[in-house]
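with the input below, show me the fold.
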Amino acid sequence: QVQLVESGGGWVQPGGSLRLSCVASGSTASIYALGWYRQAPGKERELVADIIRSGSITYTDSVKGRCTLSRDNAKNTVYLAMGSLKPEDTAVYYCKADVIGDSGLMDDYWGQGTQVTVSS
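Just a heads-up that it's a prediction; the model follows:
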């Protein structure tokens with residue numbers, strides 16, 4: 001079992017910045033990947049960025065150059081620094097962990113989500 005707690009969302013004007021944090025607890029040694037997803041009203045949840053054990057990071061095209069994902073292994077925390085925010089970045093942002101279960105299969109764990117609103 002892994003628990004995820006997000007923080008850092010809020011309201012920001014277009015062009016502004018936010019940093020989201022996700023702290024993992026529980027069976028953190030079994031985490032294969034940590035990442036951020038978002039879901040805007042009326043849209044499907046989509047990947048924003050994630051990082052796997054090797055440190056390889058994937059970004060969705062719409063945030064490349066504007067967002068930076070980083071990881072602090074000592075704190076079991078992953079951060080998403082977002083800049084040059086646009087109204088279309090408005091969404092609930094969720095932290096997700098891909099965890100290797102006892103069976104060897106991957107289990108998904110989600111945080112409760114944090115709202116990011118970009119508007120003037």
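
and the residue lying farthest from the centre of the chain, what does it touch?
With C-alpha atoms, centre = their mean as the measure, the chain has its most outlying C-alpha, relative to the mean C-alpha position, at Ser103: 25.7 Å. Shown here is Ser103, which makes no contacts under the criterion C-beta atoms under 8 Å, 6 or more residues apart in numbering. C-betas here are computed from N, CA, C, even on glycine.

and the helix or strand hosting Ile51, what's its mean pLDDT?
When secondary structure is defined using DSSP states H and E, the element that contains Ile51 is strand 46-52. Taken as a whole, strand 46-52 has a mean pLDDT of 97.

so what touches it?
Residues lying outside strand 46-52 but in contact with it, judged by C-beta under 8 Å, 6+ apart, are 32-39, 57-60, 63, 67, 69, 71, 78, 80, 93, 96.

change it to 7 Å
Residues outside strand 46-52 that contact it (C-beta atoms under 7 Å, 6 or more residues apart in numbering): 32-38, 57-60, 63, 67, 69, 71, 78, 80.

next: stretch 71-80.
The set of residues that contact stretch 71-80 without belonging to it, under C-beta under 7 Å, 6+ apart, is 19-25, 28, 34, 36, 48-49, 51, 67, 69-70.

got the CA positions of stretch 23-36 in CSV?
What follows is stretch 23-36 as a C-alpha-only set of coordinates in CSV (Å, rounded to 0.1, in the frame of the first residue of the first chain):
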residue,chain,number,x,y,z
VAL,A,23,4.6,13.0,-0.7
ALA,A,24,4.5,9.2,-0.8
SER,A,25,4.3,7.0,2.3
GLY,A,26,3.9,3.3,2.9
SER,A,27,5.6,0.8,0.7
THR,A,28,7.7,3.4,-1.1
ALA,A,29,10.4,0.9,-2.0
SER,A,30,8.0,-0.8,-4.3
ILE,A,31,7.3,2.4,-6.3
TYR,A,32,8.3,2.0,-9.9
ALA,A,33,7.0,5.4,-11.2
LEU,A,34,5.6,8.6,-9.7
GLY,A,35,3.8,11.2,-11.8
TRP,A,36,1.3,13.9,-12.2
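
many thanks, I have nothing further to ask.
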